[in-house]
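In: I would like to see how this sequence folds:
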Amino acid sequence: MPLLAFHIHINGIVQGVGFRPYIYNLAIEHQLNGWVCNSANGVDIEVTGDSDSIHEFLQEIPQSTPPLAQIDSMETNEIELENFTGFNIIRSINIATDFIPISPDVAICENCLKELMDPKDRRYRYPFINCTNCGPRFTIIKEIPYDRPFTTMADFEMCSNCQAEYENPQDRRFHAQPIACPDCGPMVWFENRTGQKLAENDQAIYLARQYLKEGKIIAIKGLGGFHLACDATNSDAVRKLRERKNRTDKPFALMAPNVETIRQFADVSNPAIALLTSPQAPIVLMPKIEGTKIVDSIAPHQSNLGFMLPYTPLHQLMIEPELDFPSALVMTSGNHSEEPILHENIKAREGLSTLADGFLLHDRPIHIRIDDSVLSIIENKPYPIRRARGYAPNPIRLTQSVPQILAVGPQMKNTFCLTREKYAFLSHYIGEMENWETYKDFQKSIEHYERLFRINPEIIAHDMHPDYLSTRYANERASEGKLPTVPVQHHHAHLAAALMENKLPPEEYVGGLIFDGTGYGSDGTIWGGEVLIGNCQSFDRLYFLKPVPLPGGDVSIQKPARMALSTLWSYKLDWEENLPPVQALNPVERALLKEQLEKKINTPLTSSMGRLFDVVSALLGVRETITYEAQAAIELESLVDQQEFGYYPFEIEGQEINLRSMLSRILEDINNQVSKPSISARFHNTIAQISLSMSAQIEKEHQIDHIVLSGGVWQNLTLLRKTLSLLRKNGYHPIIHHQMPPNDGCVAFGQAMVAAYRYQIGKE
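Out: Predicted structure coming up:
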C-alpha cells in the first residue's frame, strides 16, 4: 500500500484543552509517524503512513475531540514524504501575526472532583486541582500561544510528579498549563479583616466555613475575582451584608452544593439542570418556591432566584454539605456597588475590609477579572442576561470574513467587540461606564483582547451619544491612530446584533421591536420604544411610543413616581389625589414638577418602553423610587396574574403609538380596585398586542415577516413568552438572542456588524 504524507492545520479552541495528546494517541492508534504542535493560530500536524490509515485518521479527528475542544476549520494538504521516526509532540510555533480562539474558564470536571474527594489521591482536598478538561483559562492567560510561561502560573515551578504528568501524552494533565499540586502549586489561607493570617490550607477552609456558620461575611478569592459570601438562611447575616454593601434591594446570587439542594428553594427544570451542571456553570434564574429557609430579602419582591453550583474546587470544599452548615450561600460580587469586581489580594484587603469579617485568599494571580454569567431559560433554551465567565472570550462565528474592527459598546452593561476574519470576540461583561475604575478596566481589557487575538483595528465603531465614555474613548483613539470611526445608532445596533447572531444575511431586511430604557436617537431625543426595519447597513424608524417628557433626566429614571405624573400630564390625564405616585411626592415637589413640565425646563422627550413599565409600576404603587436598574419593571412583572388574558386599547396616530386609552383604563381599574396582578397582566398583554400590531404593519407595508425582539425590556420573560406566542400564531418569525443578552450587552456586537457591512459596501 502506498505511503502518503499530509499537513493538517486545525483552527478553533484547540489549545489548553487536551487536543495535542488526543491527536498523539489517535496517530499512535493508526500507526502513523509525524508530529503535532501548537501554533499561534491553531494546531499543526504532519503525518506519514499508508493511505487507508491516514484517511481513517482524518475522518476520526472531528468525531471524538476532548470535551472543551471546538474545531472551527480543518485544512489538509498532501505534502512530500518525510522520514519521521515515531509520532511526537513538538515545541510550539509562534508567528507574530497569527491568532487563535482561547477557551473560557470552565468548571471542575467529574474526574478532578473524584480525585479532590479521594483520600488516596495526592491531590485530595487540594483547592487548585485541574486538568486539560477543566479549570482556569482566560483569567490566567497573558499571551498566546497558551503555554505555561505566558500564564500567571509561570512562577510556580512544577514538582517532579506534576512534571511527569505534564510531559506524558497518555495523561489527562498532559500540557495542562495550570497543573499544580500541594507540593508545588498555589495555596490558600484565611485572614481576619485586619490582615492577620489565622490559618492555611485545609484549616483555612474550615475556618471560613466556621465564620459562615456564625453568621459572618467573608470575602472569597475565586476564579475571576472576589465574592462576598454569607449564610443565605440567616436574616441577620443578609441584612448586615446589605447594609455594608449599601445594596438595598438588588437580588443576591446564590450557591448551593448540588441540584437536589436547589430544588428545595426553586423550581428547577431540566434545561436549568443542564445549564447549572454545564462546564460554563452560570448563575441560572429560576422561579422561587415561597416559604423556604431562604431569607426573603435575598431577592425582595421578585419571583426568581439566581443559583449556581460550586464551579471551582475551592468552592466545592467551601460548600460541601454537612448537618450544621448553611444549605445555601449568598455569593455576590466582591465590590462596592457599580464598581468592577476586585481581583487582587492587596486591593481586596483595602476595598472589602469594611464589608467582610474575614478573607479566604490564595496566591494564584488573576490576570483579567471576570464576573459570573447569568442566564434565564426561554422555550427550553438558554437566554443570556450577562455573558461573562464560562462564555467569554468564546467568539461568535460569522458566515463571512470581516475586517479588524473595534466596537466600543454603550454606556450601560458595557461590552466591547473585536473582529477578525470570521470571528467576533465579544468581550465579557465590563459594567456600567460611570466611574473611573470601570473605565480603566474597559481600557485594560481592550488592550488584553487585542494582544491575545493579534488585532490591530482598522475601524472603530461607537454609539451616537456624544457624552458616553466609550464614545470619547473611540474618538480619542481614532484621532491618535488616524482611523475612521463609524457612529451607530443604539437601536440599529440591537437589530443588527440579533440579525447576525442568527446567521441571517447582513443585507436582509428584518423588522425590529427594539424596546429598552435609553438610547440616543438619530433626532437627538431619547428613544426606547422603537419599531424599525433595517439590515446591517441602514434602518428606518417606522413607529414609536408617543414621546413624553423625562423631567430632570436621570432623576425621573430613579423616581418612577415623577415619570408617572409626567406621562399623565403629557396625555392630559388628571393627577388624582388617590394615586400612589401623587401621594409619593409632597405638594411642593408636585408643584415644582408641574412648573418644570409646563415651562419645559430640562424635560427631554423620550419614547422609552422601559420608562412606560416604570410608569405603570408607579401608578399601581409597586415602586415609586428605585435602588437598581429596572427594579420597577421587574417587580411589576413578578405580580402578573397568569390567568388574566385581557388587554387595554391603544391607538396608532401617524408614526406614534398613542397610549392614552390604555392609561385611562388603567386609572379606571385602579379606582375600581381591580387587583394589581390583574392590571399588571393586562398591561403586559397590551404590550404583546402592540408588538403583534406593529409586526402586522411591518408585513403590510414592507412584506417582512422576520421580527427581531431586542433590548433590555425583552429580559421580561412574561412579556417575551406572550409575544413569541402571538407572533408565531399569526405567521411571523420572531428572532431572539441566545448567544448574547438582549440588553445592552449585545450592542457592541451590533456596532461591529454595522461597521463591517458598511466597510464592505464601501469597498464594493
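In: Residue 375: how many residues sit nearby?
Out: If you count neighbours by other C-beta atoms under 10 Å, residue 375 ends up with 27. Any C-beta I mention is one placed from the backbone N, CA and C, and that applies to glycine too.
In: and it, what is it in contact with?
Out: For residue 375, the contact set (C-beta atoms under 8 Å, 6 or more residues apart in numbering) comprises 275, 282-285, 382-385.
In: and with 6 Å instead?
Out: Residues near residue 375 by C-beta atoms under 6 Å, 6 or more residues apart in numbering: 275, 282, 284, 382, 384.
In: Okay, and the beta partners of it?
Out: On the basis of DSSP bridges, residue 375 is bridged to residue 284, residue 384.
In: That one and residue 725, how far apart?
Out: 21 Å (C-beta to C-beta, to the nearest Å).
In: and which of the contacts of residue 375 is nearest to residue 20?
Out: Proximity of the contacts of residue 375 to residue 20 (C-beta to C-beta) peaks at residue 282, which lies at 28.8 Å.
In: Surely that closest one touches residue 371?
Out: No - at 10.4 Å, residue 282 does not count as touching residue 371 under the criterion of C-beta atoms under 6 Å.
In: so where does residue 421 fall, helix or strand?
Out: Applying DSSP states H and E as the criterion places residue 421 in strand 417-426.
In: Just list what that strand packs against, helices and strands only.
Out: Under the contact definition 3 or more C-beta pairs under 6 Å, 6 or more residues apart in numbering; DSSP states H and E, strand 417-426 sits against strand 396-407, helix 747-763.
In: Lowest average pLDDT across these?
Out: Of all the helices and strands packed on strand 417-426, mean pLDDT reaches its minimum on helix 747-763 (a mean of 91).
In: got the contact list for that helix?
Out: Helix 747-763 is contacted from outside by 402-403, 405, 407, 409-410, 415-417, 419, 424, 426, 459, 461, 486, 488, 493-494, 496-497, 500, 506, 536-537, using C-beta under 6 Å, 6+ apart.
In: What subset of those is buried?
Out: Buried by 16 or more other C-beta atoms under 10 Å: 402-403, 405, 407, 409-410, 415-417, 419, 424, 426, 459, 461, 486, 488, 493-494, 496-497, 500, 506, 536, out of the contacts of helix 747-763.
In: which other helices and strands contact the longest helix seen in the chain?
Out: The longest helix of the chain (DSSP state H) is helix 676-702. Other elements packing on helix 676-702 under the criterion 3+ C-beta pairs under 6 Å, 6+ apart are helix 717-729.
In: need the next SSE after the helix it packs on, C-terminal direction.
Out: Helix 717-729 is succeeded, C-terminally, by strand 733-735 (DSSP H and E).
In: what does that next one rub up against?
Out: Strand 733-735 is contacted from outside by 498, 502, 705-709, 724, 727, using C-beta under 6 Å, 6+ apart.
In: Export those residues as JSON lines, with columns for neighbour count.
Out: Output for the contacts of strand 733-735, formatted as JSON lines (neighbours: other C-beta atoms under 10 Å):
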{"residue": "498", "neighbour count": "29"}
{"residue": "502", "neighbour count": "15"}
{"residue": "705", "neighbour count": "17"}
{"residue": "706", "neighbour count": "21"}
{"residue": "707", "neighbour count": "26"}
{"residue": "708", "neighbour count": "28"}
{"residue": "709", "neighbour count": "25"}
{"residue": "724", "neighbour count": "20"}
{"residue": "727", "neighbour count": "21"}
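In: which of the residues you listed lies closest to residue 678?
Out: residue 724 (22.4 Å).
In: what about the closest residue to that closest one other than its chain neighbours, neighbour count?
Out: Leaving aside its sequence neighbours, residue 724 sits nearest to residue 734 (C-beta to C-beta, 6 or more residues apart in numbering; 5.4 Å). By other C-beta under 10 Å, the residues close to residue 734 number 21.
In: re earlier: more neighbours: residue 282 and residue 371, which one.
Out: Set residue 282 next to residue 371 and count neighbours by other C-beta under 10 Å: residue 282 wins out with 28 against 22.
In: For that one, give me its contacts.
Out: 373, 375, 390.
In: re the thing from before, and whichever helix or strand comes after the longest helix of the chain with helix 717-729, angle?
Out: Next in sequence after helix 676-702, counting helices and strands by DSSP H and E, comes strand 706-710. Counting by axes from the mean of the first three to the mean of the last three C-alpha atoms, to 10 degrees, strand 706-710 lies at 180 degrees to helix 717-729.
In: helices or strands next to strand 706-710 in the packing?
Out: helix 490-501, strand 510-520, strand 733-735.
In: Parallel or antiparallel, which strands does the last one pair with?
Out: Going back to what we said before, that points to strand 733-735. With DSSP bridges as the test, strand 733-735 is paired with strand 706-710 (parallel).
In: ok, whichever strand or helix holds residue 306: who's next to it in the sheet?
Out: Per DSSP H and E, residue 306 falls inside strand 304-308. Partners of strand 304-308 in the sheet, by DSSP bridges, are strand 254-255 (parallel), strand 283-287 (antiparallel).
In: quick one: which of those strands is nearest residue 68?
Out: For the strands paired with strand 304-308, the distance to residue 68 is smallest for strand 283-287, at 20.4 Å, taking C-beta to C-beta.
In: mind checking how far that closest one is from the chain centre?
Out: 14 Å (C-alpha atoms, centre = their mean, to the nearest Å).
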